[in-house]
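**Q** Got a sequence here, can you model it:
(one chain, ligands or ions: 3)
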Amino acid sequence: MRIDVPLFKIMARPLLPISGSWVDASPFVIFFGILVAAHLLLKRGKNVQFWRRISQSVAAFVFIIFLHRCLCMLRSWIFALNKVGRNDVIAFGHLCMFALLVSLTLAFGRLFCGWLCPLGFFSEFLSWVGRARRRLPRAQRLLAGYLMLAGTLTLVTWFAYMTRPGTQFFAENIAAFWGAFLLLYLAVVLPFEFGDRKFKGARYVSAVLWMLLSVIGVFVTSPWCTFFGDEIDYSSAVSLAAVLSGALIVPMAWCRYLCPMGGALGWIAKFAPRKLANSTACTSCGACDSICPMGALNEGEIDHSSCITCGSCLKTCGFHFQITEGAADSAKPAHDDKEGAADA
Ligand code: SF4
Ligand code: SF4
Ligand code: SF4
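**A** Residues are numbered from 1 along each chain as shown. Ligands and ions are numbered 1, 2, ... in the order given. The predicted structure is shown next:
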């Protein structure tokens, strides 16, 4: 069986060509516009989830169907360095996406993940299944998790086998292995999924590995390429199938544990001055844990590098965004001193 997917971008030409070239400025303008609007809507604090869905839907339409623009910043700076001096317009195009993502994340945190990224959007949409499973008692939760994992592994392997190309090269198909690794990684994470912070470090390894491969000239495709590119390649499609099925088991599994771009953006977000904080004393009730799609809240402790600034927790306890000094990986909750004094 072979799947031939037609080109599906509405715009085949640049909307705002730079210097008459094929480098299009319109994705940067749209990208910048969406993220600044997202920041203002988040700051206003009204109907945040409604506006976030609108933002994600617009971004999905623009970047999947309307025009072609690779939004991967991990490779774009490498491509830019490769082109500087030989084709400065193309170098500028690659550098723009890198500069925009880095600077907006440095300013506002991971807005890209929470408000724009189509892969995050679809992963979040599918996460209701994993959320329902996580409400089961432990034994049933684990049994359901492993059964789902066995089922998805079988289906993804079958899909990978049935759609395999005539010739296979390890380097070309690395993305498919990345997707398969996610499902295997979930087998290790499942018994510890409620205290999974230590497993999230894998996304930094993933980011470094992804960049190293690009530096040595191995072109690694990714699940995003299925959406952003103007054609669908085998390994991107297989990794996308693995990533979306992983989201059915653990909410936003790829974003939590393995997304290389999420790893890079999470690291940068630690330096963003505006971070989530809690203004009320925490009783460690755990009520906020299940609200966060990324598992960035654990009994009141905030994992800043995992927070995608979705705003879902803003109506819980005293969570709000505020300007803080210095870089911070996480914030411990403030506890009620009176309670501590009574205990003593
Ligand atoms: S972590 Fe990766 S896939 Fe998830 S929303 Fe961010 S960039 Fe997109
Ligand atoms: S900590 Fe709050 S704002 Fe950040 S991702 Fe989780 S729910 Fe969204
Ligand atoms: S921050 Fe609030 S909701 Fe979360 S554990 Fe503490 S008291 Fe409970």
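
**Q** Same question for the helix of greatest length in the chain: list its buried residues.
**A** Longest among the helix segments of the chain by residue count, using DSSP state H, is helix 138-162. For helix 138-162, a neighbour-count test (16 or more other CB atoms under 10 Å) marks 141, 144-145, 148-149, 152-153, 156, 159-160 as buried. Where C-beta positions appear, they are placed from N, C-alpha and C, glycine not excepted.

**Q** between the residues you listed, which is nearest Ala176?
**A** Ala160 (6.1 Å; CB to CB).

**Q** doesn't Ser239 make contact with the closest one?
**A** No: applying CB atoms under 8 Å as the test, Ala160 and Ser239 come out as separate, 9.5 Å apart.

**Q** of the buried residues of helix 138-162, list those near ligand 2.
**A** The subset of the buried residues of helix 138-162 within reach of ligand 2, by CB under 6 Å from any ligand atom, is empty.

**Q** Could you pick out the one among those with the lowest pLDDT?
**A** Across the buried residues of helix 138-162, the smallest pLDDT goes to Ala160, namely 89.

**Q** what sits against that one?
**A** 176, 180, 238, 241 (CB atoms under 8 Å, 6 or more residues apart in numbering).

**Q** now it: how far from Leu119?
**A** 19 Å (CB to CB, to the nearest Å).

**Q** repeat for Ser306
**A** 16 Å.

**Q** And for Leu81?
**A** 26 Å.

**Q** Which of these two has more residues huddled nearby?
**A** A count of neighbours by other CB atoms under 10 Å puts Leu119 above the other of Leu81 and Leu119, at 26 against 13.

**Q** Validate this expectation: that one resides in a helix.
**A** Yes: assessed by DSSP: H, G, I helix; E, B strand; the rest coil, Leu119 belongs to a helix.

**Q** That one contacts Phe228, correct?
**A** No: in this structure, Leu119 is not within contact of Phe228 by CB under 8 Å, at 9.2 Å.

**Q** Might one say that Phe321 is in contact with Arg274?
**A** Yes: with contacts defined as CB under 8 Å, Phe321 counts as touching Arg274 at a distance of 5.4 Å.

**Q** Helices along this structure, start to end?
**A** 26-44, 48-60, 73-83, 88-108, 111, 118-134, 138-162, 174-189, 202-215, 223-228, 234-249, 253, 260-269, 337-343.

**Q** got the angle between the second one and helix 26-44?
**A** Looking back up the chat, that one is helix 48-60. 180 degrees (axes from the mean of the first three to the mean of the last three CA atoms, to 10 degrees).

**Q** what is the rounded mean pLDDT of helix 48-60?
**A** Rounded mean pLDDT across helix 48-60 is 95.

**Q** where in the stretch 51-200 of the chain is pLDDT low?
**A** Along the stretch 51-200 of the chain, the model assigns pLDDT under 70 to residues 168-171.

**Q** Could you report the pLDDT at the residue nearest the centre of the chain?
**A** Central residue of the chain (CA atoms, centre = their mean): Cys255, 4.2 Å from the mean position. Looking at Cys255, its pLDDT reads 96.

**Q** Same question for Arg13.
**A** For Arg13, the model assigns a pLDDT of 82.

**Q** Could you shift the numbering so residue one becomes 25, and keep it that way?
**A** Got it, the first residue is 25 from now on, which makes the last one we talked about Arg37.

**Q** Give me the distance between it and Asn111.
**A** 19 Å.

**Q** So for the two, which sits in the more crowded spot?
**A** Per other CB under 10 Å, whichever of Arg37 and Asn111 has more neighbours is Asn111, with 13 against 8.

**Q** how much space between the more buried one and ligand 3?
**A** 52 Å (CB to the nearest ligand atom, to the nearest Å).

**Q** likewise Leu300?
**A** 11 Å.

**Q** neighbours around that residue, how many?
**A** Quick note: Leu300 (other CB under 10 Å) scores 22 neighbours.
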